[in-house]
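S.K.: Quick check, what structure comes out for this input:
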Amino acid sequence: MKRWRSLLKLILKNIAVLFFLLLLVEIILHIIFINTSKPKYLQYASLQQIQRASIKPRYSPHRYLGYYPTPGWSNDENRHNSLGFRGNEITPDKPKDTFRIVCIGGSTTYTTAIDDFRTSYPFLLEELLNKGADRKVEVINAGVGNWTTWESLINLQLRLVRLQPDLVVVYHSTNDIESRIVWPPESYLSDNTGRRISNHQNLTASARDVLLEKSNILRILGIRFGIKSPNTSLQILDRVADTYYFREFNRQLNRGVYPSGIFKEVPVQKMLEVNKPIYFEENLEHMINIATGNNFDIILATFAHCSEFESQFSSRPEFEYAYAEHNQLIKKVALEHNIPCLDFAGIFPDEKAYYSDGRHVNEKGSHLKAEIFAEFIHDEYMSIDKNE
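M.R.: Numbering: from 1, shown residues only. Okay, here's the model as predicted:
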């Protein structure tokens, strides 16, 4: 009996020592997370720790947009200004004798694949348009990763009109195609709730979620082993409905198991054929109406992609079909409303040398993209006095 008591004491002692060590590690990790200046550490932090950290995540929640670029965020050569746009500081009131351009779109406008904001296509566009210009040209990068025309439409009305733009450049497509990959058809709605849900919707946390949020050690292990997404991940803010199947489509492609599950009965091609791009068209028209009502010009541009990335979804026949459908629609809307349309997809090379993946340009592609847009804008607006 005495032997068992000694063994029990030893076990309890070891448990106490282990508990103390784990508690010490938890405290050390907490101090690191709330004082870190390195994003690679912050990705393992809890939501509360992120709010208290010395560096903020790239995107922040927004009441009406879901999320947007965190104002004042910076990371090495990338930065957001105090208004939440990628690039240098600007004043809300347009400076005198300035031609202000706003570029709206998703990650292809933000130019996600390029770390230095000074080689993003809107920044380069500004440099090119200012060469030999008789007045200052200012270009604002209002692109945001994963945004569709729904978010850009709201952003245009609530945040961009007050910047008094002279010209808005719309470059959208691929994210709107993804929004059509929802099922059943009744879930494809004009407010895009078939894809996106509120950040505050369905937030009843499971015991596992609570444990991963409270314990630094378990959260790190969960993220490392793919059980949990980092709290700095865009997926945490970009919450999707159960009726949205693009992520599952992409996951199956990456694993080489498409078509499985729902796609055996309803392939992506059928979803796209049933869910027509009617809301994409409506959103573009709403943007044009806002431009007309607020006395600024607007340009639509067709969407370019690279078909040489054969393993990516953007090179699949389903997306080739949808890209062509959207581009034809962009031209149609521009023609019907008598506004300029840059056939960017017809000009930009379909070559890997200009892309980092099937949708996003690399630095070489960013320079060429800026040159093409600059030439078009110069010919349409800068070579003549639009007030004449």
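S.K.: If you count contacts, what does the helix ranked longest in the chain end up packed against?
M.R.: Under DSSP state H, the helix in the chain containing the largest number of residues is helix 2-35. Of the remaining helices and strands, those touching helix 2-35 by 3 or more Cβ pairs under 8 Å, 6 or more residues apart in numbering; DSSP states H and E are helix 39-42, helix 47-52, helix 216-224. Placement of C-beta: from N, CA and C, glycine included.
S.K.: so where is the protein shaky, pLDDT-wise?
M.R.: Within the chain, the stretches with pLDDT under 70 are 1-2, 33-41, 50-55, 199-208, 231-235, 383-388.
S.K.: tell me the centre residue of this structure?
M.R.: For the chain, the residue nearest the mean C-alpha position is Gly145 (1.1 Å; Cα atoms, centre = their mean).
S.K.: Can you name the residues that contact that residue?
M.R.: Listed by Cβ atoms under 8 Å, 6 or more residues apart in numbering, the contact partners of Gly145 are 59, 106-107, 110, 112, 234.
S.K.: what do you get for Gly72?
M.R.: Counting by Cβ under 8 Å, 6+ apart, Gly72 has contacts 56, 80-82.
S.K.: Selecting buried members of those in PyMOL, what would you type?
M.R.: The PyMOL selection below is limited to those of the contacts of Gly72 classed as buried (16 or more other Cβ atoms under 10 Å):
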select buried, resi 56+80+81
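S.K.: out of the contacts of Gly72, who's nearest Val266?
M.R.: Checking the contacts of Gly72 against Val266 by Cβ to Cβ gives His80 as the nearest, at 39.6 Å.
S.K.: Was I right to think the closest one contacts Tyr68?
M.R.: No. Applying Cβ atoms under 8 Å as the test, His80 and Tyr68 come out as separate, 9.2 Å apart.
S.K.: Could you tell me how many residues sit around Glu138?
M.R.: Other residues near Glu138 come to 21 when the count uses other Cβ atoms under 10 Å.
S.K.: Who does it form a beta bridge with?
M.R.: Beta-bridge pairing for Glu138 (DSSP bridges): Arg100.
S.K.: ditto for the one 5 residues further on
M.R.: With DSSP bridges applied, the residues forming beta bridges to Gly143 are Gly105.
S.K.: From Asn289, how far out is it?
M.R.: Noted for Gly143: a distance of 21 Å to Asn289, by Cβ to Cβ, to the nearest Å.
S.K.: who's in contact with Asp97?
M.R.: Asp97 sits next to 135-136 when contact means Cβ under 8 Å, 6+ apart.
S.K.: quick one: it from His378, how far?
M.R.: Asp97 is 18 Å from His378, by Cβ to Cβ.
S.K.: Identify the farthest-apart pair in the contacts of Gly145.
M.R.: The span of the contacts of Gly145, defined through Cβ to Cβ, is set by Tyr59 and Gly106 at 12.7 Å.
S.K.: The two - which one has more neighbours?
M.R.: When Tyr59 and Gly106 are compared for neighbours, Gly106 comes out ahead with 26 against 23, by other Cβ under 10 Å.
S.K.: from memory the more buried one sits against Val170, does it?
M.R.: No. Applying Cβ under 8 Å as the test, Gly106 and Val170 come out as separate, 11.0 Å apart.
S.K.: For His80, grab phi and psi.
M.R.: phi -110, psi 140 (degrees, to the nearest 10).
S.K.: Okay, helices next: where are they in the stretch 101-250 of the chain?
M.R.: Counting by DSSP state H, counting those that start in this stretch, the stretch 101-250 of the chain has helices at residues 107-110, 121-130, 149-155, 174-178, 207-214, 216-224, 234-237, 246-255.
S.K.: got the ones you listed as TSV, with mean neighbour count columns?
M.R.: Listed next are the helices of the stretch 101-250 of the chain as TSV, based on neighbours: other Cβ atoms under 10 Å:
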stretch	mean neighbour count
helix 107-110	23
helix 121-130	22
helix 149-155	23
helix 174-178	24
helix 207-214	13
helix 216-224	17
helix 234-237	16
helix 246-255	16
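S.K.: Out of those helices, which is closest to Phe20?
M.R.: Smallest distance to Phe20 across these (Cβ to Cβ): 13.7 Å, for helix 216-224.
S.K.: Give me the angle between the closest one and helix 207-214.
M.R.: Here helix 216-224 runs at an angle of 110 degrees relative to helix 207-214 (axes from the mean of the first three to the mean of the last three Cα atoms, to 10 degrees).
S.K.: what's next to helix 216-224, contact-wise?
M.R.: Here helix 216-224 has contacts from 22, 25-26, 29-30, 33, 43-44, 46, 211-213, 227-230, using Cβ under 8 Å, 6+ apart.
S.K.: which two in these are spaced the farthest apart?
M.R.: Greatest spacing in the contacts of helix 216-224, by Cβ to Cβ: Leu22 and Ser229 (23.9 Å).
S.K.: For Thr98, give me phi and psi.
M.R.: phi -120, psi 130.
S.K.: Pull the contacting residues for it.
M.R.: Thr98 touches 135-138, counting by Cβ under 8 Å, 6+ apart.
S.K.: and if we set it to 6 Å?
M.R.: 136, 138 (Cβ atoms under 6 Å, 6 or more residues apart in numbering).
S.K.: now do the one 3 residues further on
M.R.: Counting by Cβ under 6 Å, 6+ apart, Ile101 makes contact with 139, 167.
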